[in-house]
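Student: Have a look; sequence and predicted model below, questions after that.
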Amino acid sequence: MKYVILHAEGLAGRPCPELDGKTPLQAADTPNMDMLGRIGQLGLVAVQADGRIEGQEVIPLGLLGYDPRKYLTGPAAFEAAGLGVALGEQDVAFRCNMVTLTAPAPAGRTTKEVSGYAEIKKLGPQVILEDDTAGGITTEEARELIDAVNEQLGSETIQFYPGTGHRHLMVWVGGKAKATCVDPHELLGRALGEALPKGEGADILRKLIDASFVILATHPVNEQRREAGLKPANCLWLWGPGKAPKLPKLPDRFHIEGTVLTTSDLVRGVGVSAGLEAVSPEELSENGGVDFTVLSKRALRELERKDFLYFHVELPVGGDEMEAPKLMREKVEEFDRQLVGSILDGLKKVGDYRLLLVGGGHSYAGLHGGGSSLVLYALAQGPAQKSLNGERGFNESDATSGQGGARDAAKLAARLFAAG
């Protein structure tokens, strides 16, 4: 028996006027995912949330059978595991995002009308976070910047590690894990104000943020980006602190060996912490990019070696506000045809399998109430199982109709493995 969790982050969405009131998933032609919805269990899965649970690591933890209320430590700790950075018992990891800061516009003008990069002399509550991805900075550019910061700010207790794109890591030996830090995405277009770190260790974190601005603002990489009309990565933003996670290993819990396949450092870290073998992200790209055909081929290779695969994919949204829904519909169709279809064709050749398809990453609290993060799922068995549910498809509407409530993610994982 082969077991697969196929987790498509960003697959689910909301109705769009550009798609006649449908979501991209409803509007797309997805015969492979619809087939899974017909032959298997279809519904919503909930990752139980409370006041302190938030972040991208919550859903991967739940899907692998861990109650986030018990095992959540902070996203940076999982990213450290995904990057191969070992954390000591007293170490605290921080997410270290490269961002673009700008000075506030003069009275009567907007920040879009004024380029304030060079006007910032000192960080303060009035400075505006313009871009939480530093204009989509490349990994190569970012590595040069993070190396410059580590050369000047690194010490026996503070070290900076390069990640991917704008996302990087800082480890503080003997640091404070309870500092209150804000996700930079929540600050887009806003003044830093009260969002600077607070609580234990906040003074050190603020000094590091200030010092990173001094180092990065005039760095040659950023001078070149300005000349090219690109946004500079002129500051490091520290957040998401956490200590090394201590998860019971999946091979011990379910007596099964598996692999995690993803380009996300964070999801890879969750898988590694759970005892899964990880595929290097460099092996998942072709000509500098990632496509579904390359990913599906590698996934099937891993299933020849192991009985379990946690396969995580991010579906990016591109284009402007008007184009994005139609581009997303096309991406969903490509995902269904090139990846889901290829995986199903490959599984038919290896014998019995159970596949848990999860589409989400979006909150459905507005539709269903409560504080849980809800995503779609279809749990199907093959290859012998036949259609059980008529014309039902894998989409938000069919998953929510006639359901008696969402299934707990941790319990769903147990059903996936116990069934074999």
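Tutor: Alright, I've got the coordinates.
Student: the bottom helix or strand of the protein by mean pLDDT?
Tutor: Counting by mean pLDDT, DSSP states H and E, the chain has its least confident helix or strand at helix 365-368, which shows a mean of 33.
Student: residue ranges of the strands in this structure, please?
Tutor: Assigned strands in the chain, in chain order: 2-9, 41-47, 91-102, 128-131, 158-164, 167-173, 190-191, 235-242, 258-261, 277-278, 308-314, 353-360, 373-382, 407-408 (criterion: DSSP state E).
Student: Distance to residue 66, mean pLDDT and mean neighbour count added to those strands, as JSON lines?
Tutor: Every residue, glycine included, has its C-beta placed from N, CA and C. Shown next, in JSON lines, are the strands of the chain (distance: least, CB to CB, whole Å; pLDDT from 0 to 100; neighbours: other CB atoms under 10 Å):
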{"stretch": "strand 2-9", "distance to residue 66": "13", "mean pLDDT": "94", "mean neighbour count": "23"}
{"stretch": "strand 41-47", "distance to residue 66": "10", "mean pLDDT": "84", "mean neighbour count": "23"}
{"stretch": "strand 91-102", "distance to residue 66": "19", "mean pLDDT": "96", "mean neighbour count": "26"}
{"stretch": "strand 128-131", "distance to residue 66": "32", "mean pLDDT": "94", "mean neighbour count": "22"}
{"stretch": "strand 158-164", "distance to residue 66": "23", "mean pLDDT": "95", "mean neighbour count": "19"}
{"stretch": "strand 167-173", "distance to residue 66": "22", "mean pLDDT": "97", "mean neighbour count": "22"}
{"stretch": "strand 190-191", "distance to residue 66": "34", "mean pLDDT": "91", "mean neighbour count": "12"}
{"stretch": "strand 235-242", "distance to residue 66": "14", "mean pLDDT": "95", "mean neighbour count": "25"}
{"stretch": "strand 258-261", "distance to residue 66": "14", "mean pLDDT": "96", "mean neighbour count": "26"}
{"stretch": "strand 277-278", "distance to residue 66": "17", "mean pLDDT": "96", "mean neighbour count": "16"}
{"stretch": "strand 308-314", "distance to residue 66": "12", "mean pLDDT": "94", "mean neighbour count": "23"}
{"stretch": "strand 353-360", "distance to residue 66": "15", "mean pLDDT": "92", "mean neighbour count": "24"}
{"stretch": "strand 373-382", "distance to residue 66": "14", "mean pLDDT": "82", "mean neighbour count": "23"}
{"stretch": "strand 407-408", "distance to residue 66": "11", "mean pLDDT": "80", "mean neighbour count": "16"}
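Student: Same list, these, but as JSON lines with distance to residue 334 please.
Tutor: As requested, the strands of the chain are arranged in JSON lines below (distance: least, CB to CB, whole Å):
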{"stretch": "strand 2-9", "distance to residue 334": "12"}
{"stretch": "strand 41-47", "distance to residue 334": "22"}
{"stretch": "strand 91-102", "distance to residue 334": "29"}
{"stretch": "strand 128-131", "distance to residue 334": "28"}
{"stretch": "strand 158-164", "distance to residue 334": "22"}
{"stretch": "strand 167-173", "distance to residue 334": "25"}
{"stretch": "strand 190-191", "distance to residue 334": "35"}
{"stretch": "strand 235-242", "distance to residue 334": "31"}
{"stretch": "strand 258-261", "distance to residue 334": "18"}
{"stretch": "strand 277-278", "distance to residue 334": "25"}
{"stretch": "strand 308-314", "distance to residue 334": "11"}
{"stretch": "strand 353-360", "distance to residue 334": "14"}
{"stretch": "strand 373-382", "distance to residue 334": "18"}
{"stretch": "strand 407-408", "distance to residue 334": "28"}
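Student: Could you point out which of these sits nearest residue 74?
Tutor: Judged by CB to CB, the one of the strands of the chain that comes nearest to residue 74 is strand 235-242, at 2.2 Å.
Student: Give me the distance between the closest one and the centre of its chain.
Tutor: Strand 235-242 sits 16 Å away from the centroid of its parent chain (CA atoms, centre = their mean, to the nearest Å).
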